[in-house]
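Colleague: quick one: sequence and predicted model below, then my questions.
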Amino acid sequence: MAVKLALAMGNTVYVFSTSVGKKAAVEELGAKFVCSADKDQMAAVTGKCDFIIDTASGDHEASHYLSALAVDGTFCVVGLPQAPFSIHPFSLIMSRKSVAGSIIGGIKETQEMLDYCAAKGIVPDVQTISPKDANHAMVSLAKSDPAVRRFVIDMSQLTPDLVVEPDAAIDPT
């Protein structure tokens with residue numbers, strides 16, 4: 001959603017990922033893909049970003065992305081990795097870079113965002129599934145399948161006799 005919102009606001013959007021398998025999905029959204037494991041690609045975006053939203057929940061080195069920030073740029077953390085990360089003060093001070101964090105806005109900000117999305121036709125990419133397919137969805141998410149972003153379980157299909165289908169990746173026999 002952050003990519004869609006930033007694009008709708010007229011921004012040039014870069015998506016950083018170590019997974020080149022996400023490139024097509026990123027470009028389909030209209031953003032530019034940067035493989036953060038590729039030194040040449042990272043060098044090409046040095047100083048180009050005014051704002052970076054770090055959504056990664058997996059452990060990673062956040063300081064790796066600070067070179068992409070422009071002077072007065074902000075690195076905003078919204079993901080919650082298990083391990084803490086460190087940032088050398090020199091990388092912030094010399095270009096007046098800032099680090100911020102956020103969980104969620106209040107009711108007013110949330111309503112403004114929903115109104116903006118409605119006005120611009122911005123909707124999340126979801127795949128609606130039956131409760132019986134929950135295990136298959138978990139396997140897809142665990143594989144970081146780039147075609148899968150979010151699953152929504154249609155609870156209207158939930159019945160007392162419904163059986164969740166096993167998946168060999170979760171329930172080996």
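Modeller: Right, received. Where do you want to start? Numbering: from 1, shown residues only.
Colleague: mind checking how far the longest strand along the chain is from the chain centre?
Modeller: Counting residues, the longest strand found in the chain (DSSP state E) is strand 69-77. With CA atoms, centre = their mean, to the nearest Å as the basis, strand 69-77 stands 17 Å off its chain's centre.
Colleague: so, low pLDDT: which residues of this protein?
Modeller: 146-148, 171-173 (pLDDT under 70).
Colleague: does His60 sit in a helix, a strand or a coil?
Modeller: coil (DSSP: H, G, I helix; E, B strand; the rest coil).
Colleague: with adjacent residues omitted, what lies nearest to it?
Modeller: Pro81 (6.4 Å; CB to CB, 6 or more residues apart in numbering). Bear in mind the C-beta positions are built from the backbone N, C-alpha and C, glycine included.
Colleague: so the one you found makes contact with Ala56?
Modeller: Yes: using CB atoms under 8 Å, Pro81 is in contact with Ala56, at 6.4 Å.
Colleague: what about the two, which has more around it?
Modeller: More crowded of Pro81 and Ala56, by other CB atoms under 10 Å: Ala56, with 18 against 15.
Colleague: contact partners for that one?
Modeller: Ala56 makes contacts with Gly79, Pro81, as judged by CB atoms under 8 Å, 6 or more residues apart in numbering.
Colleague: distance check, it against Phe90.
Modeller: 23 Å (CB to CB, to the nearest Å).
Colleague: which SSE is the closest residue to Ile122 other than its chain neighbours in?
Modeller: Computed as CB to CB, 6+ apart, the closest residue to Ile122 that is not its neighbour in sequence is Lys4, at 4.9 Å. Per DSSP states H and E: Lys4 is located in helix 2-8.
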